[in-house]
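*Asks:* Sequence and predicted structure below; questions after.
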Amino acid sequence: MTHYENFPVASVLCPPHLRQPISAIYAFARTADDIADEGDALPSQRLADLAAYRQDLMAIARDEPPSPRWAQVFLPLQAVLRTHQLPVPLLADLISAFMQDVEKTRDAEGYADRAELLDYCQRSANPVGRLLLHLYGVTDDKALQESDAICTALQLINFWQDLSVDIPRGRHYLPRADCAAHGACQAELLELKSTRENVRLISDCARWARATMQSGAPLVHRLPGRAGWELRLVVQGGLRILDKVDTLKGGSLHTRPRLHAWDWCVMLARALVM
């Protein structure tokens, strides 16, 4: 990802009093994402920078000043920590996931199975939903489980949407166990070939993401007012991307599905039906 995407950032549907806290959390996640992804730094330097970034997080959690390097990120975040008592471990989990991204880029084999990939999603995506629920004051276990399902689905959808971008960059999120189950050849995947086996593999992974999203969708009825409507659009946006992945029939290996103006009309109509 060029920027951290699983975030509804200060949209018109976001309650005005939460726009600044959400923007501060987004800036924190986006900056960490850029450290892991952007520029031409060596993996060792990226890991060192993310470790320093984590030290700044721990400093502000102790109510100490951050280093000057990322003060524009951590000073606003420190204010949010004070006013909203954000769970710091969730923020630390995001950094852990970005560090894993760097490590996995150097590991050509990627993820062994769905369980390993879900462990990554638990730290890369699920903290986002839990942080937002914390701001909205929603803390019951059922809501947290549904939030985790939505966020994991969004992360998986992002993977299947970005195959044509991630694989050339050394990111391979299609689990090896799924590849083997469908007879998909790793070499052909790395060459972005839409073989019959690869089509079945991507279609099955898309079904997995869709089922995960649908299991979390009832959360939209648990969030009040604008938050619930924003989440409806987030859910429908993810499902619409999966529609496009399915239509391409493996073509997402060389074409990145995108949302267009008509898709927003479809999403809005589906959100109203929800």
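*Replies:* All right, it came through fine.
*Asks:* Give me the nearest residue to R256, chain neighbours excluded.
*Replies:* S164 (5.3 Å; Cβ to Cβ, 6 or more residues apart in numbering). Where you see a C-beta, it was placed from the backbone N, CA and C, and this is true even at glycine.
*Asks:* With L90 instead?
*Replies:* Distances taken as Cβ to Cβ, 6+ apart put P127 closest to L90, at 3.9 Å, once the chain neighbours are dropped.
*Asks:* The one you found and F98 touch, don't they?
*Replies:* No: contact status for P127 versus F98: not in contact, 11.6 Å apart, counting by Cβ atoms under 8 Å.
*Asks:* Which helix or which strand is home to the residue nearest to R256?
*Replies:* Using DSSP states H and E, the secondary-structure element containing S164 is helix 163-166.
*Asks:* in the helix or strand following that helix, what counts as buried?
*Replies:* Tracing the chain past helix 163-166, the next element assigned as helix or strand by DSSP H and E is helix 176-181. By neighbour count on 16 or more other Cβ atoms under 10 Å, the buried set for helix 176-181 is 176, 178-179.
*Asks:* Just give me the closest of these to I22.
*Replies:* Distance from I22 was checked for each of the buried residues of helix 176-181 by Cβ to Cβ. The minimum falls on D178, at 34.2 Å.
*Asks:* Contact partners for the closest one?
*Replies:* 113-114, 184, 201, 204-205 (Cβ atoms under 8 Å, 6 or more residues apart in numbering).
*Asks:* domains of this structure?
*Replies:* Each domain of the chain is listed here as a residue range: 11-106, 109-274, per automatic domain parsing.
*Asks:* returning to what we had before: distance of the residue nearest to L90 relative to C265?
*Replies:* Using Cβ to Cβ, to the nearest Å, one gets 32 Å for the distance from P127 to C265.
*Asks:* When these two are compared, which one has more neighbours?
*Replies:* Between P127 and C265, counted using other Cβ atoms under 10 Å, the more crowded position is P127 (24 against 10).
*Asks:* Identify the residues contacting that one.
*Replies:* Applying Cβ under 8 Å, 6+ apart, one finds that P127 lies in contact with 90-91, 93-94.
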